[in-house]
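Colleague: Here's a sequence, model it:
(chains A, B, C and D)
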There are 4 protein chains.
Amino acid sequence: MTSLINRNSEGVFIIAATPFDDTGAIDYDSTDRMVDFYLETGVSGMTILGIMGEAPKMAGDEAQSFASHVIKRVNGRVPVVVGVSAAGLDNMARLSATAMDAGAGGVMVAPQPGMATETKLKGYMAQVCAALKDTPICFQDYPQTTSVQVSVETILSLTVDHPQIVMLKHEDWPGLTKLSRVRAETGTADVPRLSILTGNSALFLAQEMQRGADGAMTGFAYPEMLVQVVARHKAGDVDGAEDLFDAYLPMVRYEQQLGLGLAIRKEVLRRRGVIASNKVRAPGPALTARDHEELTRLMARLEKRLGELN
Amino acid sequence: MTSLINRNSEGVFIIAATPFDDTGAIDYDSTDRMVDFYLETGVSGMTILGIMGEAPKMAGDEAQSFASHVIKRVNGRVPVVVGVSAAGLDNMARLSATAMDAGAGGVMVAPQPGMATETKLKGYMAQVCAALKDTPICFQDYPQTTSVQVSVETILSLTVDHPQIVMLKHEDWPGLTKLSRVRAETGTADVPRLSILTGNSALFLAQEMQRGADGAMTGFAYPEMLVQVVARHKAGDVDGAEDLFDAYLPMVRYEQQLGLGLAIRKEVLRRRGVIASNKVRAPGPALTARDHEELTRLMARLEKRLGELN
Amino acid sequence: MTSLINRNSEGVFIIAATPFDDTGAIDYDSTDRMVDFYLETGVSGMTILGIMGEAPKMAGDEAQSFASHVIKRVNGRVPVVVGVSAAGLDNMARLSATAMDAGAGGVMVAPQPGMATETKLKGYMAQVCAALKDTPICFQDYPQTTSVQVSVETILSLTVDHPQIVMLKHEDWPGLTKLSRVRAETGTADVPRLSILTGNSALFLAQEMQRGADGAMTGFAYPEMLVQVVARHKAGDVDGAEDLFDAYLPMVRYEQQLGLGLAIRKEVLRRRGVIASNKVRAPGPALTARDHEELTRLMARLEKRLGELN
Amino acid sequence: MTSLINRNSEGVFIIAATPFDDTGAIDYDSTDRMVDFYLETGVSGMTILGIMGEAPKMAGDEAQSFASHVIKRVNGRVPVVVGVSAAGLDNMARLSATAMDAGAGGVMVAPQPGMATETKLKGYMAQVCAALKDTPICFQDYPQTTSVQVSVETILSLTVDHPQIVMLKHEDWPGLTKLSRVRAETGTADVPRLSILTGNSALFLAQEMQRGADGAMTGFAYPEMLVQVVARHKAGDVDGAEDLFDAYLPMVRYEQQLGLGLAIRKEVLRRRGVIASNKVRAPGPALTARDHEELTRLMARLEKRLGELN
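Modeller: Next up, the predicted model:
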């Protein structure tokens, strides 16, 4: 049974990497291990083929195969959200249909560069919704990569106009006030509720939970922290959630290096035994020897700090 | 008697250069000749200290002095619009007040970079209007330099909300449909009329007049063409207007080279005996020997073509 | 026999549209007519799947099929250059290999956004050259869409370092001085010759030929003008070339509307009986009724002007 | 006695805010308190009128007055660096000369937007150096706001060519590898040493010190942390330095919100009794009630954490 994302979805939707072997081919063994690893940490969902997930470097058929494989491995335990952002609606609709047929729980769409007025963006999202039929959509608000600034008013308007836009991946920056406003101004008499998951590498996760986020959708390589912070917060242990978060913050901060962060995350997953190779497709970032040493140091310091906490 | 710009302003508001001598100091003799030259060509207004007018390279007191000098020389014969765009409202308000006290006909304001949602832009323009009190404003819609995309809906909203926003300097690109819509959707029961003057180096002047522009606000170094095209058009000679425009189009196209265009315009004005030096303040573009030859050729071809037309 | 592009390639390489039917599917009948039409106008080459050619909106297999179809139809009469710019080198190499196997004459590559220093760009192009093996490359210098500024020094360096980079699609803007410098500083004792074809919708074609361009690579819907201007120029009739160009300039200027230009070109080709539909894939520009009238007027004025010239 | 910045400058050069009263006028009493506060925390230098220091919102004479006032108050105890970045070289040279005459220790210059090739940037910096005569320059490498990407090679070249460029304000992001390379490739037989102070709100200060930075130049509202981290590091207590840094990291992260960070910093300085008002000039960010609560919480958590550390 597939579960679909909806306006009340919550918890941690981990952004999955796409594991490659050293030749750059998709590594399905690592993919299976990664899926299992994520599920064991207690995530509530999984998001694949995101902006940082090397999707633009995969061929169309590769993306479809990868999506189908992950969905099959997850086997309905949590919803899988598939990133389908594309320059053309045809390609977007094709990948979305394939993924939903395979059992995805929804798709994620970021505005294309150029949709830079409210009028254009609303027109574009209406086209997207029509092309994707009833597929539930997570709207990704990520101006740092799309160059499209989205106001709270526009988000509210999209929420009202399109029942299928059920989730916001919130990663505008700085964006804390925006999050507070979207939380306060949705779920009202006039505007339906919207599931709000935060991105931006979780750099403000504790604050965002305190401001009403439903969880996180990001790719931090220690998903167990994300899961526990969200869980503690929901259990009312606000300080405990933030204490745990702060212990990981040096690493969160380290992974949040635009572009390079992907290479760091893959390396951490490799060191943790999740994937076999830290390969990133070309052109892409690579870690220097100095970066490796630094990462070793940061991982050791994290272990030490976690020990102190307990 | 100062005349102020208003919702029915029309004709050619020439964008004036700021003449410097070879040392980079303001050349007031050339300024006087330039003002007289513009008035003799029949312009309906003059705009100084625009985005391309080297205003960001002038000290605050220089800008005030230059504005006062031009306004005094014009002596009320046509309205002088003063560009006051600035990073801070204080500086903007100061220059605006000085200019209006000296007899300016209004000010021109472009959105600051970063005002990239309708909400932000409307909030910003509300702040601007408050800071400038009742000063009539020409709103400059120029995304190529401001990075702020403005929808027709936003323009209508600004027109309704702020009686002092009376004029649009239209230079979005491509922007012909936008112009048609602003023309059709202002001057209605719900939205006041807006004077629309077109910029973008007049590259589409004939088409823009046909779509309802009230005139042009640009800095072409042959203002007599702009004046005649607008006049012919208003007299009903649509084809004649376009014939004349097309004869100048090779030169219009040549001046419309972003950045470099300023150096070309100053050189043409110099060759025409209007200003003494083609000096552009550093860092700025400079013409090569090859550019000079090319310009000579283009000016000669223009003369020849004008001869054929008559 | 396939002919490959090389350092002496010259003439007009027309940028081909991708004809779709009204449903958005590739229209191969129109494609055949379009290929024949281009060849009849006397073009020296054809470039498909360019930045403005809707390539980003085609599926990978569609792009391969379209490329193969065009190459087969051209049947070796002129070289076909295939745009292969892509976010990942794998996708780029795959399309390039398929196209070259099918008989393409070379590929066109624009830098990816982010390659914004000389060091990064040179590193990137070295990766590209390695991935594309010996395939001849046309380097597209188009900062308005790539955001990558390329200096003359970088172009020279790429020319020296990579024998397979044989052609420059010059469309920096303003770029006339850059063209003069690349012309003067290649084909020297130290730097190999580079074929320079100009883009930017040919807005400066006459000037660019006078400055030493080898021809044009752009998508103007009246390719016969491009062919004749280049031919007259090479025959020494510099004034005649420019006279003809200037007659078309109002239309050149009209087609050079970023984004919208594609819809205009497809509509002109449709009106000229070349393709069956002006369909542009979503999201994309569409012509209004007013645009259609305006185009009708401009096409009629062009006919009239051409009559006067002869 | 004025001390000038030089190739061996080290420690913390605190980026100073410009204190305003609630009307927006410069508050010189607060300025004096702020200067004294900074000096008491042990900073090695002070930088005023930086990109985030509201300099673009000050009138030219205000900037000169503020600079002179601060320099007089500092009274030679540490060098004062004055931000002089400006659209035109004339304004830059004027402010620089005034500041140096008043006793500044050097100036800071960021490339103007548009200097987007190595050739252009090197040409621009040559013009800057000529205009500023022998004034020692801190080159600010801050692509997030200037849009100018600068390679290590370019930094080395500037270091070799211009003896007066003695310091790098390093705030490219991600930039750790860049810092390692600049450190390794300066102070060699071929390239003079360069003082490297890191910016980017100190988000990576511990890592940057470990990679060889000479200190920090940023505006964190707890300068005592910056001073102690740098001091501990130089004393060989690398772990202790990083422990202290990590304790402050939640607050460092909170202040590093582009744009909003300025309002947060001013509010923290106000709460700490340093300045009288958190006023930011319009248009500018403002803290919501929710932001104030959040800041209160974060400040309390910081106190608690510091208690645990000791």
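Colleague: hmm, the least confident helix or strand in chain A by mean pLDDT in reach of chain C?
Modeller: Across the helices and strands of chain A, mean confidence by mean pLDDT, DSSP states H and E is lowest for helix A:143-146: a mean of 93. No: Helix A:143-146 stays clear of chain C (CB under 8 Å from any CB of the partner chain), getting no nearer than 10.3 Å. Glycine gets a C-beta too; all of them are placed from N, C-alpha and C.
Colleague: buried sites along that helix?
Modeller: Buried residues in helix A:143-146, counted by 16 or more other CB atoms under 10 Å in any protein chain shown: A:143, A:146.
Colleague: Show residues contacting it.
Modeller: A:51, A:110-113, A:149-150, A:171-173, A:258 (CB atoms under 8 Å, 6 or more residues apart in numbering or on different chains).
Colleague: what does the stretch 201-310 of chain A have sitting close to chain D?
Modeller: A:203-204, A:207, A:210-211, A:242, A:246, A:249-250, A:253-254, A:257-261, A:288, A:290-291, A:294, A:301, A:305.
Colleague: Just the buried residues of those.
Modeller: Counted by 16+ other CB under 10 Å, those give A:203-204, A:207, A:210-211, A:242, A:246, A:249-250, A:253-254, A:257, A:260-261, A:290-291, A:294, A:301, A:305 as buried.
Colleague: Among the residues you listed, which ones are in helices?
Modeller: Judged by DSSP state H, these include A:207, A:210, A:242, A:246, A:249-250, A:253-254, A:260-261, A:290-291, A:294, A:301, A:305 as members of helices.
Colleague: Pull the distance from the least confident helix or strand of chain A to the chain's centre.
Modeller: 15 Å (CA atoms, centre = their mean, to the nearest Å).
Colleague: The helix or strand following it - what's its average pLDDT?
Modeller: Once the chain leaves helix A:143-146, the next helix or strand it forms, by DSSP states H and E, is helix A:152-161. Mean pLDDT, computed over helix A:152-161, is 98.
Colleague: Residue A:153 and residue D:148, how far apart?
Modeller: From residue A:153 across to residue D:148, the span is 33 Å (CB to CB, to the nearest Å).
Colleague: more neighbours, these two?
Modeller: residue D:148 (23 against 15; other CB atoms under 10 Å in any protein chain shown).
Colleague: The more buried one: what's it in contact with?
Modeller: Here residue D:148 is in contact with D:110-116, D:121 (CB under 8 Å, 6+ apart).
Colleague: let's go with 10 Å and repeat that
Modeller: C:116-117, C:149, D:110-117, D:120-121, D:124, D:141-142, D:154 (CB atoms under 10 Å, 6 or more residues apart in numbering or on different chains).
Colleague: Then residue A:21?
Modeller: Applying CB under 10 Å, 6+ apart to residue A:21 gives the contacts A:27-30, A:275-277, A:279.
Colleague: how about a cut-off of 7 Å?
Modeller: By CB atoms under 7 Å, 6 or more residues apart in numbering or on different chains, the residues touching residue A:21 are A:27, A:276-277, A:279.
Colleague: Could I get the pLDDT score of residue A:2?
Modeller: Model confidence at residue A:2, given as pLDDT, is 68.
Colleague: er, residue A:52 I mean
Modeller: For residue A:52, the predicted pLDDT is 72.
Colleague: Show me what from chain A comes close to chain C.
Modeller: A:24, A:56-57, A:59-60, A:87-91, A:94, A:112, A:124, A:127, A:281-283 (CB under 7 Å from any CB of the partner chain).
Colleague: which residue sits closest to the closest residue to chain C within the stretch 151-300 of chain A, ignoring its sequence neighbours?
Modeller: In the stretch 151-300 of chain A, the residue found nearest to chain C is residue A:282; the distance is 4.5 Å by CB to the nearest CB. Nearest non-adjacent residue to residue A:282, counting by CB to CB, 6 or more residues apart in numbering or on different chains: residue C:89, 4.5 Å away.
Colleague: That neighbour touches residue C:131, doesn't it?
Modeller: Yes: with contact defined as CB atoms under 7 Å, residue C:89 reaches residue C:131; the gap is 4.5 Å.
Colleague: For these two, indicate the residue with more neighbours.
Modeller: The neighbour comparison of residue C:89 against residue C:131 (other CB under 10 Å) goes to residue C:89, with 22 against 19.
Colleague: count of residues packed around the closest residue to residue A:153 other than its chain neighbours?
Modeller: The shortest distance from residue A:153 to any non-neighbouring residue, by CB to CB, 6+ apart, is to residue B:119 (5.5 Å). The number of residues packed near residue B:119 is 17, by other CB under 10 Å.
Colleague: quick one: what helix or strand has residue B:119 in it?
Modeller: helix B:118-131.
Colleague: what distance separates the helix or strand following that helix from the middle of the whole chain?
Modeller: Tracing the chain C-terminally past helix B:118-131 and defining elements by DSSP H and E, one meets strand B:137-141 next. Centre-to-centre, strand B:137-141 and its host chain are 10 Å apart (CA atoms, centre = their mean).
Colleague: what does stretch A:151-160 give?
Modeller: Distance of stretch A:151-160 from its chain centroid, counting by CA atoms, centre = their mean, is 21 Å.
Colleague: which outside residues touch that stretch?
Modeller: Here stretch A:151-160 has contacts from A:118, A:121-122, A:125, A:139, A:165, A:168, A:178, A:181-182, A:185-186, A:191-192, A:194, B:117-119, using CB under 7 Å, 6+ apart.
Colleague: Format the CA atom coordinates belonging to that stretch as PDB.
Modeller: The C-alpha coordinates for stretch A:151-160 follow below in PDB (Å, rounded to 0.1, in the frame of the first residue of the first chain):
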ATOM      1  CA  SER A 151       6.400  35.700  -0.800                       C
ATOM      2  CA  VAL A 152       4.200  34.300   2.000                       C
ATOM      3  CA  GLU A 153       1.200  35.700   0.100                       C
ATOM      4  CA  THR A 154       2.200  33.600  -3.000                       C
ATOM      5  CA  ILE A 155       2.500  30.500  -0.900                       C
ATOM      6  CA  LEU A 156      -0.900  31.100   0.600                       C
ATOM      7  CA  SER A 157      -2.400  31.600  -2.800                       C
ATOM      8  CA  LEU A 158      -0.900  28.400  -4.200                       C
ATOM      9  CA  THR A 159      -2.200  26.600  -1.100                       C
ATOM     10  CA  VAL A 160      -5.700  27.800  -1.700                       C
END
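Colleague: mind listing what's buried in that stretch?
Modeller: For stretch A:151-160, the neighbour count (16+ other CB under 10 Å) marks A:151-152, A:154-159 as buried.
Colleague: Report the separation between the two terminal residues of stretch A:18-32.
Modeller: 11 Å (CA to CA, to the nearest Å).
Colleague: Let me know the angle separating the helix holding residue B:119 from helix A:118-131.
Modeller: 170 degrees (axes from the mean of the first three to the mean of the last three CA atoms, to 10 degrees).
Colleague: Report all helices and strands that helix B:118-131 contacts.
Modeller: helix B:89-102, helix B:152-161 (3 or more CB pairs under 7 Å, 6 or more residues apart in numbering or on different chains; DSSP states H and E).
Colleague: average model confidence for the longest one?
Modeller: Per-residue pLDDT over helix B:89-102 has a mean of 98.
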